[in-house]
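In: here's my sequence, what's the structure:
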Amino acid sequence: MNKCLKILVVDDLPVNRLLVSKHLQKAGHVVTEAADGQEAIDRFEAERPDIIILDVMMPGMNGYDAAREIKARANGHWTPIIFLSALGKGEEQVRGLEEGGDDYLTKPVNLDVLDAKIMSMRRIADMQRQLADTTAELQRYHQRAEAEHAMANSLMERMINQERLNDEMLQHWVLPASRFSGDIVAAARSDNGRLYILHADSTGHGLTAALPLLPLSQIFYAMVTKALSLKDMVNEMNQRIKQLMPVERFVAAALVVIEPDRKTIEVWNGGCPDLLFVNEHNQVARRFSSRHTALGIMDYDEVHSETLTHAEHGAGKLVIYSDGLVEAKNTDGENFGDEGIAATLESAGEEGSLMALINAMILHLGEETAHDDISIVMVDCSGE
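Out: Model (predicted):
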């Protein structure tokens, strides 16, 4: 607020109004007067003063009633009200504060005390105005950030191309820990019918974790189009992540190629939890453990992948998940764990393995929330 304030003085006795008004005008303030409660309301509506000095005992509408009506019409804007009254008892002062007043002075008015009260109200009003300005700026920033996040999210979904995940062999589920997921699931078929799957988990959370996944998805889709080998894909992705990311950030990833005609599954695992092949009895028949560091840490002298044929274990499912599922903690701080995952898969009924895992994980968390992104991929390897 400026040093000069607009002050509304309300008192049914002209001599009282004159005394207070002249003093305030001498101090450099602009003063408006009202003789009763209704006139005070009308003046408030017309003038919107910075402070109101309001007599309590007036004929017609008293000061308390006028204060309630003024507060109701303020539309959230704070206009300090200082009550003046000849009633100096403590209960009257308490009532004045309960009725919407911000301070209370007894008559005859000590003008020095009144000046101090006005200065105090001005400081509070200044702080409230600054807070309101800051809040408005934060709201504008929040709106801009929301718009930018929506745009970024839309762009990322287009680049990752979620539509390609609608493959009859594939089910997936992703639960981000924040607005943006640091986990990615991508899938596509080459012209010769191979199904390629990328499952990646970037370090960190949110947008900074999600951004490095974009070049991976672009490399993945481009190389699937050419039906290139996992070795070529891994080396290209690893070099790109090393170029783009700081040394302390990396991407755990699993790449899979399924050839339905040959009934083979080829897996490369770099830093991810074990990929599980679950047979038709829902038992874990084989684990594909990580044989490499995550992408972006070091060059690979040789890329090792593992191949499984359906003849080894018969029909079944390939289950891929991020460490967010393994490390989901309940209220006692216990991880869901590899054992919980295997037990859930083995006991899965008609609901299916994916829903069984999701429901079991939610039940395990209880009232806790997941602190890391969680993603699950199920691939039907029945060979049909």
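
In: and the closest residue in space to I374 that isn't next to it in sequence, what does it touch?
Out: Closest residue in space to I374, ignoring its immediate chain neighbours: G324 at 3.9 Å, by C-beta to C-beta, 6 or more residues apart in numbering. C-beta here means a position set from N, CA and C on the backbone, and glycine is covered the same way. By C-beta atoms under 8 Å, 6 or more residues apart in numbering, the contact set of G324 is L175, A177, D183, D201, A370, D372, D373, I374, S375.

In: rerun at 7 Å
Out: Residues counted as contacts of G324 (C-beta atoms under 7 Å, 6 or more residues apart in numbering) are A370, D372, D373, I374.

In: can you check E45 too?
Out: With contact taken as C-beta under 7 Å, 6+ apart, E45 is in contact with R73.

In: cool, and I341?
Out: Counted by C-beta under 7 Å, 6+ apart, I341 has contacts Y321, L325, L357.

In: phi and psi next, for the residue lying closest to the first one once chain neighbours are set aside.
Out: For Y321, ignoring the flanking residues on the chain, the nearest one in space by C-beta to C-beta, 6+ apart is I376 at 4.7 Å. Here the main-chain torsion angles of I376 (degrees, to the nearest 10) amount to phi -140, psi 140.

In: can you give me the end-to-end span of stretch 177-196?
Out: Terminal residues of stretch 177-196 are spaced 26 Å apart (C-alpha to C-alpha, to the nearest Å).

In: give me the mean pLDDT for that stretch.
Out: Averaging pLDDT along stretch 177-196 gives 87.

In: about what we covered before: filter the contacts of I341 down to the ones in helices?
Out: Among the contacts of I341, the residues falling in helices (DSSP state H) are L325, L357.

In: and the helices in the stretch 201-350 of the chain, which stretches?
Out: 206-210, 213-225, 230-244, 310-313, 323-326, 337-346 (DSSP state H, counting those that start in this stretch).

In: now those helices in a markdown table, with distance to V113 and mean pLDDT?
Out: Shown next, in a markdown table, are those (distance: least, C-beta to C-beta, whole Å; pLDDT from 0 to 100):
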| stretch | distance to V113 | mean pLDDT |
| --- | --- | --- |
| helix 206-210 | 54 | 76 |
| helix 213-225 | 66 | 89 |
| helix 230-244 | 67 | 91 |
| helix 310-313 | 90 | 70 |
| helix 323-326 | 63 | 94 |
| helix 337-346 | 69 | 93 |
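
In: now render those helices as a markdown table, adding distance to F83.
Out: Converted to a markdown table, these look like this (distance: least, C-beta to C-beta, whole Å):
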| stretch | distance to F83 |
| --- | --- |
| helix 206-210 | 52 |
| helix 213-225 | 63 |
| helix 230-244 | 66 |
| helix 310-313 | 85 |
| helix 323-326 | 59 |
| helix 337-346 | 66 |
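
In: of those helices, which is nearest T293?
Out: Minimum separation from T293 across these (C-beta to C-beta) falls at helix 230-244, 9.3 Å.

In: in the closest one, what's buried?
Out: L230, M233, V234, E236, M237, N238, R240, I241 (16 or more other C-beta atoms under 10 Å).

In: now stretch 363-380
Out: Under 16+ other C-beta under 10 Å, the buried positions of stretch 363-380 are H364, L365, A370, D372, D373, I374, S375, I376, V377, M378, V379, D380.

In: ends of that stretch, how far apart?
Out: 25 Å.

In: start at 648, not 1
Out: Sure, I'll start numbering at 648, so the last one becomes stretch 1010-1027.

In: any idea how far it is from the chain center?
Out: From the chain centre to the centre of stretch 1010-1027 is a distance of 18 Å (C-alpha atoms, centre = their mean, to the nearest Å).

In: tell me the mean pLDDT over stretch 1004-1021?
Out: 91.

In: contacting residues around it?
Out: Defining contact as C-beta under 7 Å, 6+ apart, one finds that stretch 1004-1021 is touched by 820, 822-824, 828-830, 852, 969-972, 974-978, 983, 987-988, 991, 1023.

In: and these, which of them are buried?
Out: 820, 822-824, 828-830, 852, 969-972, 975-976, 983, 987-988, 991, 1023.

In: quick one: contacts for N709?
Out: By C-beta under 7 Å, 6+ apart, the neighbours of N709 are G684, V703.

In: can you give me the pLDDT of it?
Out: pLDDT, N709: 89.

In: now it: how far from R715?
Out: 10 Å (C-beta to C-beta, to the nearest Å).

In: hmm, back to that, now do the residue nearest to I1021 against F983, distance only.
Out: 9 Å.

In: check Q672 too.
Out: Distance from Q672 to F983, by C-beta to C-beta: 74 Å.

In: one step back: now the buried residues of helix 877-891 in CSV, with distance to V914?
Out: Formatted as CSV, the buried residues of helix 877-891 follow (distance: C-beta to C-beta, whole Å):
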residue, distance to V914
L877, 8
M880, 13
V881, 11
E883, 18
M884, 15
N885, 17
R887, 21
I888, 20
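
In: and of these, the nearest to T782?
Out: I888 (40.8 Å).

In: how many neighbours does the residue nearest to that closest one when sequence neighbours are not counted have?
Out: Leaving out its chain neighbours, the residue that sits closest to I888 by C-beta to C-beta, 6+ apart is G943, at 3.4 Å. G943 has 27 neighbours, counted by other C-beta atoms under 10 Å.
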